[in-house]
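Visitor: Predicted model and sequence below, questions to follow.
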Amino acid sequence: MLLKNERIKLMNYGKKMILDGLTKGTGGNLSIFNREKNLMAITPSGVGYLDITPEDIVILDVETGKVIEGSRVPSSESDMHRIFYKYRKDINAMVHTHSKYSTGLSCTGGKLPAIHYLLAVAGKEIPCAKYATYGTVELAKNAYKSMEGNKGVLLSNHGLLTGGKDISEAYNIAENIEFCCELYFISKVIGEPSILPEKEMKKVMERFKDYGKKIDEHEEI
(Lines give C-alpha, C1' and ligand atoms only; values in the text may rest on other atoms or scores of the structure.)
Protein backbone atom coordinates (compact mmCIF):
# COMPACT_ATOMS: atom_id res chain seq x y z
CA MET A 1 0.00 0.00 0.00
CA LEU A 2 1.46 3.33 -1.08
CA LEU A 3 1.65 6.20 1.45
CA LYS A 4 0.17 4.17 4.29
CA ASN A 5 1.02 6.75 6.97
CA GLU A 6 -0.51 9.55 4.90
CA ARG A 7 -3.68 7.50 4.40
CA ILE A 8 -4.10 6.94 8.13
CA LYS A 9 -3.59 10.63 8.91
CA LEU A 10 -6.21 11.65 6.34
CA MET A 11 -8.67 9.12 7.72
CA ASN A 12 -8.17 10.45 11.26
CA TYR A 13 -8.30 14.13 10.31
CA GLY A 14 -11.40 13.53 8.19
CA LYS A 15 -13.18 12.16 11.26
CA LYS A 16 -11.87 15.08 13.30
CA MET A 17 -13.18 17.55 10.71
CA ILE A 18 -16.71 16.16 11.11
CA LEU A 19 -16.57 15.93 14.91
CA ASP A 20 -15.19 19.48 15.18
CA GLY A 21 -18.04 20.78 13.03
CA LEU A 22 -15.81 22.08 10.23
CA THR A 23 -17.92 20.45 7.52
CA LYS A 24 -21.15 18.53 6.88
CA GLY A 25 -21.75 15.19 5.17
CA THR A 26 -19.12 14.57 2.51
CA GLY A 27 -18.31 18.25 1.98
CA GLY A 28 -14.72 19.40 1.78
CA ASN A 29 -11.56 17.35 1.32
CA LEU A 30 -8.06 16.79 2.69
CA SER A 31 -4.76 15.78 1.15
CA ILE A 32 -1.10 15.17 1.99
CA PHE A 33 1.81 15.50 -0.43
CA ASN A 34 4.81 13.16 -0.28
CA ARG A 35 7.38 15.41 -1.93
CA GLU A 36 10.03 12.69 -2.13
CA LYS A 37 7.77 10.41 -4.19
CA ASN A 38 5.89 13.24 -5.92
CA LEU A 39 2.62 11.57 -4.93
CA MET A 40 -0.38 12.96 -3.09
CA ALA A 41 -2.92 11.13 -0.97
CA ILE A 42 -6.42 12.63 -1.08
CA THR A 43 -9.81 11.78 0.37
CA PRO A 44 -12.32 10.09 -1.96
CA SER A 45 -15.41 11.65 -3.47
CA GLY A 46 -18.81 10.80 -1.99
CA VAL A 47 -17.66 8.78 1.03
CA GLY A 48 -18.63 9.93 4.54
CA TYR A 49 -15.63 10.86 6.68
CA LEU A 50 -16.72 8.60 9.52
CA ASP A 51 -16.74 5.66 7.10
CA ILE A 52 -13.43 6.26 5.29
CA THR A 53 -10.77 3.56 5.64
CA PRO A 54 -7.09 3.77 4.57
CA GLU A 55 -7.98 1.73 1.47
CA ASP A 56 -10.49 4.41 0.40
CA ILE A 57 -7.80 7.11 0.16
CA VAL A 58 -6.71 7.73 -3.44
CA ILE A 59 -3.08 8.21 -4.51
CA LEU A 60 -2.40 10.60 -7.40
CA ASP A 61 0.63 11.66 -9.40
CA VAL A 62 1.00 15.38 -8.69
CA GLU A 63 2.31 16.26 -12.14
CA THR A 64 -0.38 14.54 -14.21
CA GLY A 65 -3.26 14.04 -11.77
CA LYS A 66 -3.36 10.36 -12.80
CA VAL A 67 -4.60 7.83 -10.22
CA ILE A 68 -1.66 5.67 -9.17
CA GLU A 69 -3.45 3.57 -6.57
CA GLY A 70 -7.02 3.32 -5.30
CA SER A 71 -10.40 2.07 -6.48
CA ARG A 72 -12.35 5.12 -5.32
CA VAL A 73 -12.96 8.31 -7.27
CA PRO A 74 -10.64 11.03 -5.93
CA SER A 75 -12.08 14.26 -4.59
CA SER A 76 -13.45 16.54 -7.30
CA GLU A 77 -11.10 19.24 -5.99
CA SER A 78 -7.89 17.29 -6.62
CA ASP A 79 -6.67 19.93 -9.09
CA MET A 80 -7.05 22.60 -6.41
CA HIS A 81 -4.67 20.59 -4.22
CA ARG A 82 -2.23 19.67 -6.98
CA ILE A 83 -1.61 23.25 -8.09
CA PHE A 84 -0.31 24.17 -4.64
CA TYR A 85 1.92 21.12 -4.40
CA LYS A 86 3.40 21.87 -7.81
CA TYR A 87 4.18 25.53 -7.16
CA ARG A 88 4.29 26.14 -3.39
CA LYS A 89 7.35 24.59 -1.73
CA ASP A 90 6.08 25.53 1.75
CA ILE A 91 2.87 23.50 1.46
CA ASN A 92 2.72 19.71 1.92
CA ALA A 93 -0.86 19.29 3.14
CA MET A 94 -4.20 20.94 2.45
CA VAL A 95 -7.56 21.16 4.19
CA HIS A 96 -10.75 22.30 2.47
CA THR A 97 -13.78 22.82 4.70
CA HIS A 98 -17.35 24.02 4.43
CA SER A 99 -17.24 25.41 7.96
CA LYS A 100 -20.18 27.62 8.88
CA TYR A 101 -18.68 31.05 9.52
CA SER A 102 -15.90 30.86 6.93
CA THR A 103 -18.40 29.78 4.28
CA GLY A 104 -20.85 32.44 5.40
CA LEU A 105 -18.25 35.16 4.97
CA SER A 106 -17.24 33.72 1.59
CA CYS A 107 -20.84 34.21 0.46
CA THR A 108 -20.37 37.96 0.81
CA GLY A 109 -17.28 37.89 -1.42
CA GLY A 110 -15.42 39.83 1.26
CA LYS A 111 -12.06 39.18 2.89
CA LEU A 112 -11.51 38.41 6.57
CA PRO A 113 -9.59 41.32 8.14
CA ALA A 114 -7.26 41.06 11.14
CA ILE A 115 -10.01 40.73 13.75
CA HIS A 116 -7.76 38.74 16.12
CA TYR A 117 -4.03 38.05 16.41
CA LEU A 118 -4.60 34.30 15.92
CA LEU A 119 -5.25 35.01 12.26
CA ALA A 120 -1.47 35.43 11.96
CA VAL A 121 -1.12 31.64 11.68
CA ALA A 122 -2.25 32.12 8.07
CA GLY A 123 -1.37 35.70 7.17
CA LYS A 124 -2.18 39.35 7.84
CA GLU A 125 -5.71 38.87 6.48
CA ILE A 126 -7.61 36.19 4.57
CA PRO A 127 -8.58 37.08 0.99
CA CYS A 128 -11.59 35.71 -0.88
CA ALA A 129 -10.94 34.03 -4.23
CA LYS A 130 -13.19 34.82 -7.18
CA TYR A 131 -16.03 32.36 -7.66
CA ALA A 132 -15.73 29.44 -10.06
CA THR A 133 -17.65 26.16 -10.34
CA TYR A 134 -16.44 23.51 -7.89
CA GLY A 135 -14.01 20.91 -9.20
CA THR A 136 -12.75 23.07 -12.08
CA VAL A 137 -9.25 24.15 -13.04
CA GLU A 138 -10.57 27.71 -12.99
CA LEU A 139 -11.34 27.39 -9.27
CA ALA A 140 -7.90 25.88 -8.65
CA LYS A 141 -6.23 28.83 -10.38
CA ASN A 142 -8.40 31.39 -8.59
CA ALA A 143 -7.58 29.85 -5.20
CA TYR A 144 -3.87 29.66 -5.95
CA LYS A 145 -3.66 33.25 -7.12
CA SER A 146 -5.60 34.64 -4.16
CA MET A 147 -3.66 32.63 -1.56
CA GLU A 148 -0.29 34.02 -2.67
CA GLY A 149 1.78 34.86 0.41
CA ASN A 150 -0.84 33.32 2.71
CA LYS A 151 -1.74 29.88 4.04
CA GLY A 152 -5.49 30.36 3.85
CA VAL A 153 -8.10 31.63 1.42
CA LEU A 154 -11.88 31.88 1.34
CA LEU A 155 -13.52 30.41 -1.76
CA SER A 156 -16.38 32.66 -2.82
CA ASN A 157 -19.81 31.08 -2.16
CA HIS A 158 -18.07 27.82 -1.36
CA GLY A 159 -15.87 27.46 1.72
CA LEU A 160 -12.34 27.65 3.10
CA LEU A 161 -8.99 26.31 1.87
CA THR A 162 -5.81 26.13 3.97
CA GLY A 163 -2.32 24.75 3.48
CA GLY A 164 0.60 23.94 5.76
CA LYS A 165 3.94 22.24 6.05
CA ASP A 166 2.01 19.19 7.31
CA ILE A 167 -1.59 18.18 7.94
CA SER A 168 -1.41 19.30 11.56
CA GLU A 169 -0.53 22.87 10.58
CA ALA A 170 -3.07 23.00 7.74
CA TYR A 171 -5.83 21.80 10.08
CA ASN A 172 -4.81 24.21 12.85
CA ILE A 173 -4.99 27.09 10.38
CA ALA A 174 -8.48 26.01 9.27
CA GLU A 175 -9.65 25.91 12.89
CA ASN A 176 -8.23 29.35 13.68
CA ILE A 177 -9.64 31.00 10.57
CA GLU A 178 -13.07 29.58 11.37
CA PHE A 179 -12.74 30.92 14.93
CA CYS A 180 -11.77 34.37 13.63
CA CYS A 181 -14.66 34.35 11.17
CA GLU A 182 -17.03 33.60 14.04
CA LEU A 183 -15.55 36.50 16.03
CA TYR A 184 -16.00 38.74 13.00
CA PHE A 185 -19.68 37.82 12.72
CA ILE A 186 -20.26 38.39 16.45
CA SER A 187 -18.48 41.74 16.51
CA LYS A 188 -20.38 42.91 13.42
CA VAL A 189 -23.65 42.20 15.23
CA ILE A 190 -22.56 44.24 18.26
CA GLY A 191 -20.97 47.08 16.32
CA GLU A 192 -18.02 47.80 14.08
CA PRO A 193 -14.99 45.54 14.71
CA SER A 194 -11.65 47.02 15.72
CA ILE A 195 -9.13 45.69 13.19
CA LEU A 196 -5.50 45.13 14.13
CA PRO A 197 -3.01 47.17 12.07
CA GLU A 198 -0.71 45.46 9.57
CA LYS A 199 2.33 46.36 11.69
CA GLU A 200 0.94 44.43 14.65
CA MET A 201 0.06 41.39 12.52
CA LYS A 202 3.60 41.30 11.12
CA LYS A 203 4.92 41.42 14.69
CA VAL A 204 2.68 38.53 15.75
CA MET A 205 3.66 36.49 12.69
CA GLU A 206 7.30 36.86 13.72
CA ARG A 207 6.51 35.80 17.29
CA PHE A 208 4.61 32.75 16.04
CA LYS A 209 7.81 31.48 14.38
CA ASP A 210 9.18 30.74 17.86
CA TYR A 211 5.87 29.65 19.40
CA GLY A 212 6.35 26.58 21.58
CA LYS A 213 10.13 26.93 21.60
CA LYS A 214 12.23 27.61 24.68
CA ILE A 215 13.17 31.26 25.02
CA ASP A 216 16.21 31.97 27.21
CA GLU A 217 16.02 35.75 27.32
CA HIS A 218 13.11 37.77 28.71
CA GLU A 219 12.39 41.45 28.74
CA GLU A 220 12.50 43.06 32.17
CA ILE A 221 9.08 43.55 33.73
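Guide: Yes, it's here. Numbers count the residues shown, from 1 in each chain.
Visitor: okay, now residue 199: neighbour count?
Guide: 9 (other CB atoms under 10 Å). (Glycine included, C-beta is placed from N, CA and C.)
Visitor: Just to be sure, it is in a strand?
Guide: No. Under DSSP: H, G, I helix; E, B strand; the rest coil, residue 199 falls outside any strand and is assigned helix.
Visitor: Now do it against residue 193, distance only.
Guide: 18 Å (CB to CB, to the nearest Å).
Visitor: swap in residue 48?
Guide: The value you get for residue 48 to residue 193, if CB to CB is used, is 36 Å.
Visitor: Comparing the two, which shows the higher neighbour count?
Guide: Using other CB under 10 Å as the criterion, residue 48 and residue 193 rank with residue 193 on top: 16 against 11.
Visitor: Now do the helices in the chain.
Guide: 4-19, 78-87, 100-106, 137-146, 167-190, 198-208 (DSSP state H).
Visitor: Comparing those helices by mean pLDDT, which bottoms out?
Guide: For those, mean pLDDT drops lowest on helix 198-208, to a mean of 94.
Visitor: Now do the buried residues in that one.
Guide: Neighbour counts over helix 198-208 (16 or more other CB atoms under 10 Å) mark 201, 204, 205 as buried.
Visitor: closest to residue 140 among these?
Guide: Nearest to residue 140 among the buried residues of helix 198-208, counting by CB to CB, is residue 205 at 26.3 Å.
Visitor: residues touching the closest residue to the closest one other than its chain neighbours, list them.
Guide: Closest residue to residue 205 apart from its sequence neighbours, by CB to CB, 6 or more residues apart in numbering: residue 120 at 4.6 Å. Contacts of residue 120 were listed using CB atoms under 8 Å, 6 or more residues apart in numbering, and they are 114, 201, 204, 205, 208.
Visitor: that older thread, need the helices of the chain in CSV with distance to residue 60, can you?
Guide: Converted to CSV, these look like this (distance: least, CB to CB, whole Å):
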stretch, distance to residue 60
helix 4-19, 12
helix 78-87, 6
helix 100-106, 26
helix 137-146, 14
helix 167-190, 16
helix 198-208, 32
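Visitor: Looking at these, which is nearest to residue 55?
Guide: Comparison of these against residue 55 by CB to CB identifies helix 4-19 as nearest, at 7.9 Å.
Visitor: Mind listing residues that contact that closest one?
Guide: Contacts with helix 4-19, where a contact means CB under 8 Å, 6+ apart, come from 1, 23, 28, 30-32, 34, 41-43, 49-50, 52-57, 95, 97, 167, 171.
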